[in-house]
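S.K.: return atomic coordinates for the entry below.
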Amino acid sequence: MDKKIIIAGPRGKMGTEAIQMVHSEQTFELVACIDRINGGKQLQDIEGLPDLSVPIYENPEACFQEIDADIFIDLTVPGSGFEHTKLALLYGICPVVGTSGFTEEQISALEDLSMTHGTGCIIAPNFAVGAVLMMQFAKTAAKYLPDVEIIEKHHDQKLDAPSGTAIKTAAMMQETRTSKQQGHPDEKETLVGARGAETDGIHIHSVRLPGLVAHQEVLLGGPGQGLTIKHDSYNRASFMEGIKLCIEKVSQLDRLVYGLENILD
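M.R.: Numbering: from 1, shown residues only. Presented below is the predicted three-dimensional model:
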């Protein structure tokens, strides 16, 4: 049986790529889109979008009420993404969320809602399988090389900093890394922010430039040595295999899973 899918954020670069991916898969069916404008139109009415007779809704609740769907994919921004995901769970539609920037409180609220309704949900800070491997390698390395900094680089239209991937990487390393403050104890920033953000002594630096997509380096150092673990997404096709995997797995869950690494075999 085909998986019936709703996508929020169809005009974004990720949304457009996801529409093409869903349309190309024989067992997936795109049944509606949610957009903050263009309500009442079809995808085929919007310049630059595929020539498909798929309805667009501005009101997400109306969409969930009227459309028979199995999976909801959110590729929007944190504020609307959180509200969309709550509604999808309330209507028994399994969310796959690529929107980053949710707070710990928001994730906790979605976890409770997912468990209460027994509806699977996957939130993935990064859908690229290579990025997930990078995070897992960094987690292993941090046990032996606890002096570490993260540099994440994204396109200049990204709204949150640091990225969800960087935050997730730091959290995973904290599971194995000995907590410590890094650098000279008398270190002083002569320009505020020069050392980046800090969590548990790990410094995170965010770069935003046109031409970038999604890139991250984890730099680890020890006496006389250094280790760099790096991942690059050169275009948004790199995220589609992860989204496909989430679509296949999410309906088998009865709770929220945070991070693609938790559903890899």
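
S.K.: contacts only, for the most centrally placed residue in the chain.
M.R.: Computing the C-alpha centroid of the chain and ranking residues by Cα atoms, centre = their mean puts P125 first, at 2.8 Å. Contacts for P125 (Cβ atoms under 8 Å, 6 or more residues apart in numbering) come out as 100, 163-165, 167-168, 259. Yep, even glycine has a C-beta here, placed from its N, CA and C like the rest.

S.K.: so for it, what's the pLDDT?
M.R.: P125 carries a pLDDT score of 85 in this model.

S.K.: pull the number of nearby residues for the closest residue in space to it that isn't next to it in sequence.
M.R.: In space, not counting the residues next to it along the chain, P125 is nearest to G164; the distance is 3.2 Å by Cβ to Cβ, 6 or more residues apart in numbering. Close neighbours of G164, defined as other Cβ atoms under 10 Å, add up to 21.

S.K.: quick check: G164 touching G101?
M.R.: Yes. With contacts counted by Cβ atoms under 8 Å, G164 reaches G101, the gap being 6.4 Å.

S.K.: re the thing from before, by neighbours, which of the contacts of P125 wins?
M.R.: For the contacts of P125, neighbours tallied by other Cβ under 10 Å; top is T165, 26 neighbours.

S.K.: residue contacts, it?
M.R.: 100, 125-126, 131, 135, 152, 214, 216.

S.K.: need phi/psi at it.
M.R.: Note on T165: its backbone torsions stand at phi -60, psi -40 [degrees, to the nearest 10].

S.K.: measure it to M173 for me?
M.R.: 13 Å (Cβ to Cβ, to the nearest Å).

S.K.: burial measure for the nearest residue to S233 once chain neighbours are set aside, as a count.
M.R.: Counting by Cβ to Cβ, 6+ apart, S233 lies nearest to A214, which is 4.2 Å off, once chain neighbours are set aside. Neighbourhood size, A214 [other Cβ under 10 Å]: 23.
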